[in-house]
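Visitor: build me a structure from this.
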Amino acid sequence: MKNVVSLNTQKGFTAGELVITLLIIGILSAGVFLVSQGLFGQATSKVQADFEISCVNNMKRVYGNNPNYTGLSETEVAQGKLCPEAMVNAAGDGLVNQWGGTVTVAPLDATANVDKVSFETNDVDGGACSNYVSAIAMMARGVAVDGGSGYTWVKDYDAFDGTVINDLQEASMLAACSSGSTNTVSIKTYYR
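Guide: Numbering: from 1, shown residues only. Below you'll find the model as predicted:
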């Protein structure tokens, strides 16, 4: 006579186990997505800041350490390969940023024969504003943010505005970056 062993084996998940498994997978996926968005946003801001600093360093190499930047234009900067290729627009006559907006480059005051140049970066993603400003403020002499109601200085020095601010003003930056009625801001930087 054979011994028959009866095993009650279950195949698959119960409905409850399946719901719990899917819930855990969903929570983990959402967490990974949010972390990656933050990291990618920081990376994009850092890349744009590095691009701008590269432009300034190349301009100083071409124009000298104390230039007046006479004749400087976006076209000249783009065609002169003074900025990274990723910043040059499709037509090859202007600059764009990592968020798809434009970048305007000009001497700060060509008539005064000064050695300062300004960058205006438009349509910066509002969520990336503080990361970008923090990254760019390390090299820029002046930084202003416009959320749609005019520029607010978050880093300045006496030759631009009559006040002396040597460090990035965090509270002003956060307020300016979040003041926009749209999801984008404009950021102006000055270099010497």
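Visitor: quick one: name whatever helix or strand follows the helix or strand bottoming out on mean pLDDT in the chain.
Guide: With mean pLDDT, DSSP states H and E as the measure, the helix or strand of the chain carrying the lowest mean pLDDT is helix 158-161 (a mean of 52). Stepping forward along the backbone from helix 158-161, the first helix or strand reached (DSSP states H and E) is helix 170-177.
Visitor: any buried residues in that next one, and which?
Guide: With burial defined by 16 or more other C-beta atoms under 10 Å, the residues of helix 170-177 counted as buried are 172, 173, 176, 177. (C-beta placed from N, C-alpha, C; glycine too.)
Visitor: tell me the one of the residues you listed nearest residue 15?
Guide: Taking C-beta to C-beta as the measure, residue 177 is the one of these closest to residue 15, at 46.9 Å.
Visitor: so what's that closest one closest to, chain neighbours aside?
Guide: What sits nearest to residue 177 in space, not counting adjacent residues and going by C-beta to C-beta, 6 or more residues apart in numbering, is residue 129, at 3.5 Å.
Visitor: helix or strand for the spatially most central residue of the chain, which one?
Guide: The centroid of the chain falls nearest to residue 45 when counting by C-alpha atoms, centre = their mean (2.9 Å). Secondary structure here is read from DSSP H and E; on that basis residue 45 sits in helix 15-63.
Visitor: helices or strands up against that helix?
Guide: Contact analysis of helix 15-63 by 3 or more C-beta pairs under 8 Å, 6 or more residues apart in numbering; DSSP states H and E lists strand 117-125, helix 129-136 as its packing neighbours.
Visitor: dump the longest one to CSV, keeping only the CA atoms.
Guide: Listed next in CSV are the C-alpha coordinates belonging to strand 117-125 (Å, rounded to 0.1, in the frame of the first residue of the first chain):
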residue,chain,number,x,y,z
VAL,A,117,29.7,91.5,-19.1
SER,A,118,26.2,90.4,-18.3
PHE,A,119,24.3,87.2,-19.0
GLU,A,120,20.5,87.1,-19.0
THR,A,121,19.2,83.6,-18.8
ASN,A,122,15.5,83.4,-19.6
ASP,A,123,12.8,80.7,-19.0
VAL,A,124,14.8,79.0,-16.2
ASP,A,125,12.7,76.3,-14.6
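Visitor: I'm done for today, thanks for sticking with me.
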